[in-house]
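Enquirer: I'd like to go over a predicted model; first the sequence, then the structure.
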Amino acid sequence: MTKWRSMFAITAGALLVVSACSSEDEPEDAAGSTGGTFSVGTDEPDHLTANRMTGAFDEVWALYAPLTKFADTAELQYVQAESVESDDATTWTITIKDGWTWHNGEPVTAQNYADAWNATAYGPNAWGNNGQLSNIEGYDELNPTEGEPTAEELSGVEVVDERTLRVTLKTADSQFPYKLSQPGFVALPEVAFDDLDAYDEAPIGNGPFMMDGTWEHDVEIRMVRYDDYQGDDQPNADEVIFRIYSDANTAYTDAIGGQVDIVSVPQTRLRQVEQDFGDRFIPFQAVRLDWLGFPLWDERYQDIKVRQAISMAIDRDEVNDAIFAGVYTPASSFHGPNAIGGGTEGLCGEFCEFNPERANELLDESDWEGSTLELWFPGGVGYEQTFEALANQVRQNLDAIDEVELKTQPGFPAFIEALEDETVTGMFRGGWGSLYPSMQNQLSAVWASTGDARAGAGGYVEPEVDQLILAANAAPSEDEAAALYQEAEARVFEDFPAVPLFYATYNFAHSENVSNVIIGFSQIELTQVVVNE
Amino acid sequence: MGRYVLSRLAQLIIVFIGVTLLIYLAVWALPGDPIRAMAGDRPLSESVIHAMRERHNLNDPVLIQYGKYMANLLTGDFGTDFNGRSVSDQMAQRWPVSVRLALTAWVLEVVVGITLGVVAALRRGKWADYTILLFSIAVISIPVFVLGYTAQLVLGVHLGMFPVSGISDGWPRSYILPAVITATFGIATVARLVRVSVLENLRADYVRAAFAKGLSRRRVVSVHVLRNSLIAAVTLLGVNLGFLLGGSIVIEGIFNMPGVGQLLFRSLQAQEGAVVVGVATALVLVFLLANLVVDLLYGVLDPRIRHE
């Protein structure tokens, strides 16, 4: 019986797709829908308004349609945008698709985008994704270092007509269409501005799912499919429920019991996940790097050979197997193969290969003195095992080092403050997940001297790197841009300011109730999920 | 009696001010800027950090911050967390969960604990006594999170007798398993305590006199012995109630129950001063009130104890 019904569903689905193709004015809503309800385990979001939130990506990409997006490949997809064009990479014309509506039925207009961007960029609003708009002309007037803003709107955003925006950037940026995939660039409906805090409790978006009721804090967020959604990625399921967990381990246990359908796998469970979920464990290698940084302000770490020796003394494979059950990939550069342009694997050369003999030679040749190293990391957030393993590697494989002292900091705030105040006195944890898979993101945020996450680079400054990144940003074609970013990264490696460790993965697992679970750069592809009968 | 209660309540006010200041200072003394770490590795822009710090008075000296906090508190405003959620709303939402869990566990402690204690005492040296002894030693020695995870895995995941986590099934279904796990330690302790007191009292002169008067064993035990044996247990149960109401961070975490324990833990990690002070102060008050009730109960159980 079940088999018959599903066969019927497939045939019906196929027919509907065909008819949708043949007559444009047919409503698309039922195409491909397989119905059903599934649930996703999540932690309590900070906000549900896309431009405000910093930790609710799955919820936000269910509610909102971005202008552009990346699914599980580095190929850009146009969702709400019809085209994003520029002749000089500085002035961009964005045309949005016709016929899209908000969940309340109002049309999505270029003005909705301008309003949302102005609100996001307005410093005193204190919205989390403010920084993503920092290269738009007029941003500085809305975010003065001292005093009150002198403007309320970005001078670089101009509404040309109902469906066209013209955006002027401060500096040329060939990667702008990719940046548009970030949550800071979504539109907000007019009704949002009546009461932004009330809106945050039950956002009206333009995405594939809409709110069913309001956000029930610490319990759940319910959403149903939006029948007038105009995107190509029509949702399969009728309903998605985000169940809120305070502890990722509990969510994981619930998923084993089938009480929740899709969960993110905590790092501590990686070693048992194969046994618990088999092929229902889905790791996705995003553009995310873990590294060890050095306090370059400390003269003991000035000698490049010291840093290279430490890099060569770490058996990344062994740590990967022991801690991450081999799910991660040992890094041989800053960008794994999933980055646009194919990444930079191997760029680090022999210095990222495990070679204790050569490591000891390098350390002997260097002007290193002393037998103790320090390793700094934030405590209480699950990194303890990893850093103990790394400390052991360095201690065991470098003859001159008798002890690696773990400087566990009491939480993330203390760790970040120590980095920014340059009071860190040893190697430290570094990590960066790129919000869009262009090499630009990590390079300009971490390794450029103007990057806002440059604390993780340990005070690294190299004008040539800055110039190469700027040149890549202004490059006329994608290939040239990628080549220049690679060149910039290669230039960073000449100075070897940090030890690349792993290309990390997003790790998800799902119950037997669902199939076709695809993990990509914006985490779970919720519209693709099929609820099994 | 009335005066005693009044003076105890006056003490509460002093404790309240002391405790809020102390907790405020402690949270403030934690190293690092909580705003800067809000988005993890990805830093917020300078203007956003500045606006957030202004909004939450973090740029003021700590005593001014505390003053502003207390001034708001007097108007009934507990402030907001860094995401702009009202602290009183969060407490209003979470207290019922913790209270339900605590009371369920506490009633179990009272009923099961006292019953087991009495049974063990009356059947001293028989198999019932030994079984209860074995049970109490076992649950006292196993850490509560081991019990919690095991029960969750066996009874929840594999046998499906209880919901694995969450409170969506409501009371009592969602609360039974976590309440039992929370109560086990208390049950065992109360049972041991009651057993000893009952045994002591069974040997007391007044019991022998009561038997000599020809009273039935049931009446002697339930009216005379039990009442006198409960004083020690009441102290323990009173303190336990305050303790349980504070929410069990471990149990609330394992069973994903959105109670105050969880809120306190998360807020401490995120250095959410306003939330920590609000929740912790409420907890201190609950604890003090529970103790006051216990002290008053002594007088009821044993008329020789008087509060002047």
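Expert: Looks like it came in fine.

Enquirer: which parts of the stretch 101-250 of chain A sit against chain B?
Expert: Residues of the stretch 101-250 of chain A lying near chain B by CB under 8 Å from any CB of the partner chain: A:123-128, A:130-131, A:134, A:142-145, A:197, A:217-220, A:243-247, A:250. C-betas here are computed from N, CA, C, even on glycine.

Enquirer: Find the closest residue to chain B in the stretch 351-500 of chain A.
Expert: Per CB to the nearest CB, residue A:413 is where the stretch 351-500 of chain A lies closest to chain B, at 2.8 Å.

Enquirer: Give me every residue in the stretch 51-200 of chain B lying close to chain A.
Expert: So the stretch 51-200 of chain B meets chain A at B:51-52, B:55, B:83-85, B:90, B:93-94, B:149, B:152-153, B:156-157, B:160, B:163-168 (CB under 8 Å from any CB).

Enquirer: List the ones among those that fall in strands.
Expert: Nothing among those maps onto strands, per DSSP state E.

Enquirer: So among these, which ones count as buried?
Expert: B:51-52, B:83-85, B:90, B:93-94, B:149, B:152, B:156-157, B:163-167 (16 or more other CB atoms under 10 Å in any protein chain shown).

Enquirer: Show the backbone phi and psi for residue A:457.
Expert: The phi and psi values for residue A:457, taken as degrees, to the nearest 10, are phi -90, psi 0.

Enquirer: same thing with residue A:222?
Expert: The phi and psi torsions at residue A:222 (degrees, to the nearest 10) take the values phi -110, psi 140.

Enquirer: beta partners for it?
Expert: Counting by DSSP bridges, residue A:222 is bridged to residue A:241.

Enquirer: distance of it from chain B?
Expert: Residue A:222 sits at a distance of 12 Å from chain B (criterion: CB to the nearest CB, to the nearest Å).

Enquirer: And the helices in the stretch 101-250 of chain B, which stretches?
Expert: Secondary structure of the stretch 101-250 of chain B (DSSP state H, counting those that start in this stretch): helices located at B:114-122, B:127-141, B:144-151, B:173-202, B:205-212, B:217-219, B:226-245, B:249-254.

Enquirer: how far off helix B:144-151 does the fourth one point, in degrees?
Expert: Direction vectors for helix B:173-202 and helix B:144-151, defined by axes from the mean of the first three to the mean of the last three CA atoms, to 10 degrees, enclose an angle of 130 degrees.

Enquirer: Can you give me the buried ones in helix B:173-202?
Expert: B:174-195, B:197-199, B:201-202.

Enquirer: And the first one, by the same measure?
Expert: Counting neighbours by 16+ other CB under 10 Å, one finds that the buried residues in helix B:114-122 are B:114, B:116-122.

Enquirer: for the residue nearest in space to the middle of chain B, what are its contacts?
Expert: Nearest to the mean C-alpha position of chain B, by CA atoms, centre = their mean, lies residue B:244 at 1.8 Å. Residues in contact with residue B:244 (CB atoms under 8 Å, 6 or more residues apart in numbering or on different chains) are B:101-102, B:105-106, B:182, B:186.

Enquirer: please redo it, this time with the cut-off set to 10 Å
Expert: Residue B:244 is in contact with B:98-99, B:101-106, B:109, B:179, B:182-183, B:186, B:237, B:251, B:261, B:286, B:290, counting by CB atoms under 10 Å, 6 or more residues apart in numbering or on different chains.

Enquirer: Just give the closest residue to it, not the sequence neighbours.
Expert: The spatial neighbour of residue B:244 that comes closest, neighbours along the chain excluded (CB to CB, 6 or more residues apart in numbering or on different chains), is residue B:102 at 3.7 Å.

Enquirer: How much space separates the one you found from chain A?
Expert: 18 Å.

Enquirer: you'd agree that residue is up against residue B:245?
Expert: Yes: counting by CB atoms under 10 Å, residue B:102 does reach residue B:245; the two are 4.6 Å apart.

Enquirer: Looking at these two, which is more packed in?
Expert: Using other CB atoms under 10 Å in any protein chain shown as the criterion, residue B:102 and residue B:245 rank with residue B:102 on top: 27 against 23.

Enquirer: Please work out how many residues are found near residue A:432.
Expert: 24.

Enquirer: Next, it: secondary structure please.
Expert: Secondary structure, DSSP: H, G, I helix; E, B strand; the rest coil: residue A:432 is strand.

Enquirer: Go ahead and confirm it touches residue A:289.
Expert: Yes: with contact defined as CB under 10 Å, residue A:432 reaches residue A:289; the gap is 5.7 Å.

Enquirer: Give the intersection of the neighbour lists for these two.
Expert: What both residue A:432 and residue A:289 touch, as defined by CB under 10 Å, 6+ apart, is the set A:334, A:442, A:446, A:504.

Enquirer: Please flag which of the residues you listed sit within helices.
Expert: residue A:442 (DSSP state H).

Enquirer: Which ones among the shared contacts of residue A:432 and residue A:289 also lie next to chain B?
Expert: residue A:446 (CB under 10 Å from any CB of the partner chain).

Enquirer: Looking at the shared contacts of residue A:432 and residue A:289, which two lie furthest apart in space?
Expert: A:446 and A:504 (14.7 Å; CB to CB).

Enquirer: residues touching residue B:226, list them.
Expert: Here residue B:226 is in contact with B:114, B:117-118, B:194, B:197-198, B:201, B:220, B:233 (CB under 10 Å, 6+ apart).

Enquirer: With pLDDT and distance to residue A:88 added, can I get these in TSV?
Expert: Shown next, in TSV, are these (pLDDT from 0 to 100; distance: CB to CB, whole Å):
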residue	pLDDT	distance to residue A:88
B:114	93	83
B:117	93	85
B:118	92	88
B:194	92	85
B:197	91	88
B:198	92	91
B:201	89	94
B:220	87	100
B:233	86	82
